[in-house]
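In: Test case, fold it:
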Amino acid sequence: MAFFRRVDDDQDMPGIDRLLALTDGVVAIALTLLVLQLQIPATQNLEDDTHSASALWHALQVDGAELTSYLVSFFIIAQFWLVHHRVLRNMRGHSEGLAWRNFAFLLTLTLMPFTSDLLGRYGDNPLAITLFGLNLLAISFTTQWIQLYADRHQLIDDERRSRVEERVGRARAVLTVGVVSLALVLGWTDTGLARYVWLLFLVVPVLGTRIAARITAAEKAAMSTDT
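Out: Numbers count the residues shown, from 1 in each chain. Coordinates of the predicted model:
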């Protein structure tokens, strides 16, 4: 009877495309806002020598902090977008609970332009380092929250799900926590060194993939030995 249909049947579930489209739009805006932290110096700061390359370079006050913060933040958002798509593209639909968890992910992600700018301007301030690190942890945790909710409510299409990709995602999440934890410790002990810890995120995707591949290979070897 119609009254006893499962609520999460495929035909009763809204498509995942609109949720992905919304996320893509918000991510694109966040990426665009990041560049606003790179400031153009005012004319008066050029000491009446607007044609001097050295004067412009001095006015920019380039120490690499803001540019590094921008590049690292752009790369991190791109990586989280890839992970998010990897999770959602294997779903056969979504529910209101999943949508709210996705909004939690977007909430944490849209804070990145603010915390990134804060880190670029005050890279030696332990509070700026802490807020940026907590922002990254929040994005990572909400991504895993989406995955756990989808698993528990059977929203993932078993024919399309990839255990290897899920293992890669978990490995990268653990590495993210490790890098942020190191940055937070150094932020309150050696801020000069803490600003370079964020560069470790450049190797997190590769390292996470390799760790997951080794675990998968070890499991296969163990299974072949048992048989």
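In: And the residue nearest the centre of this structure?
Out: Centroid check for the chain by CA atoms, centre = their mean gives residue 80 as the closest residue, at 3.3 Å.
In: In contact with it: list those residues for me.
Out: Counting by CB atoms under 8 Å, 6 or more residues apart in numbering, residue 80 touches 109, 139, 140, 143. For every residue, glycine as well, the C-beta is placed using N, CA and C.
In: How far off centre is the longest helix along the chain?
Out: If you go by DSSP state H, the chain has its longest helix at helix 126-152. Its chain's C-alpha centre and that of helix 126-152 lie 8 Å apart, by CA atoms, centre = their mean, to the nearest Å.
In: and if you look at stretch 113-131?
Out: On CA atoms, centre = their mean, the centre of stretch 113-131 falls 17 Å from that of its chain.
In: Other residues contacting stretch 167-176?
Out: With CB under 8 Å, 6+ apart, stretch 167-176 has contacts from 79, 83, 86-87, 136-137, 140, 143-144, 147, 201, 204-205, 207-209, 211-212, 215-216.
In: which intervals of this protein have sub-threshold pLDDT?
Out: Applying pLDDT under 70 to the chain picks out residues 1-14, 40-51, 55-64, 159-161, 226-227.
In: quick one: the helices in it?
Out: Under DSSP H, the chain gives helices at 17-34, 53-60, 65-88, 96-109, 112-121, 126-152, 163-187, 191-197, 204-226.
In: Give me whichever of those is most buried.
Out: Mean neighbours per residue, mean count of other CB atoms under 10 Å, is largest over those for helix 112-121, with a mean of 22.
In: Now do the longest helix of the chain against helix 163-187, angle only.
Out: Going by axes from the mean of the first three to the mean of the last three CA atoms, to 10 degrees, helix 126-152 is angled at 160 degrees with respect to helix 163-187.
In: Look up how far residue 101 lies from residue 68.
Out: Going from residue 68 to residue 101 by CB to CB, to the nearest Å gives 31 Å.
In: cool, residue 224 as well?
Out: 38 Å.
In: Next, give phi and psi for residue 122.
Out: phi -130, psi 60 (degrees, to the nearest 10).
In: Touching, it and residue 130? I think so.
Out: No - the pair residue 122 / residue 130 is not scored as a contact, 11.1 Å apart, by CB atoms under 8 Å.
In: Skip the chain neighbours and tell me the closest residue to residue 164.
Out: residue 216 (5.8 Å; CB to CB, 6 or more residues apart in numbering).
In: The one you found and residue 90, how far apart?
Out: Taking CB to CB, one finds residue 216 at 17 Å from residue 90.
In: Could you do residue 126 as well?
Out: Taken as CB to CB, the span from residue 126 to residue 90 is 40 Å.
In: same check, this time on residue 208
Out: Residue 208 sits 18 Å away from residue 90, going by CB to CB.
In: Please apply the same query to residue 144.
Out: Per CB to CB, residue 144 is found 15 Å from residue 90.
In: repeat for residue 136
Out: 24 Å.
In: same check, this time on residue 163
Out: Applying CB to CB to residue 163 and residue 90 gives a distance of 11 Å.
In: And residue 189, by the same measure?
Out: 42 Å.
In: cool, and residue 96?
Out: 20 Å.
In: Dump stretch 180-198 to PDB, restricted to CA.
Out: Output of stretch 180-198 as PDB, limited to C-alpha atoms (Å, rounded to 0.1, in the frame of the first residue of the first chain):
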ATOM      1  CA  VAL A 180      46.100  22.200  12.200                       C
ATOM      2  CA  SER A 181      47.100  20.800  15.600                       C
ATOM      3  CA  LEU A 182      50.800  21.400  14.800                       C
ATOM      4  CA  ALA A 183      50.000  25.000  13.600                       C
ATOM      5  CA  LEU A 184      48.000  25.700  16.800                       C
ATOM      6  CA  VAL A 185      50.800  24.500  19.100                       C
ATOM      7  CA  LEU A 186      53.400  26.600  17.200                       C
ATOM      8  CA  GLY A 187      51.000  29.500  17.000                       C
ATOM      9  CA  TRP A 188      51.400  29.900  20.800                       C
ATOM     10  CA  THR A 189      55.000  29.000  21.000                       C
ATOM     11  CA  ASP A 190      56.800  30.000  17.700                       C
ATOM     12  CA  THR A 191      54.600  32.100  15.400                       C
ATOM     13  CA  GLY A 192      57.500  32.600  13.000                       C
ATOM     14  CA  LEU A 193      57.500  28.900  12.200                       C
ATOM     15  CA  ALA A 194      53.700  28.500  12.400                       C
ATOM     16  CA  ARG A 195      53.200  30.600   9.300                       C
ATOM     17  CA  TYR A 196      55.000  27.900   7.200                       C
ATOM     18  CA  VAL A 197      53.100  25.000   8.600                       C
ATOM     19  CA  TRP A 198      50.100  25.800   6.400                       C
END
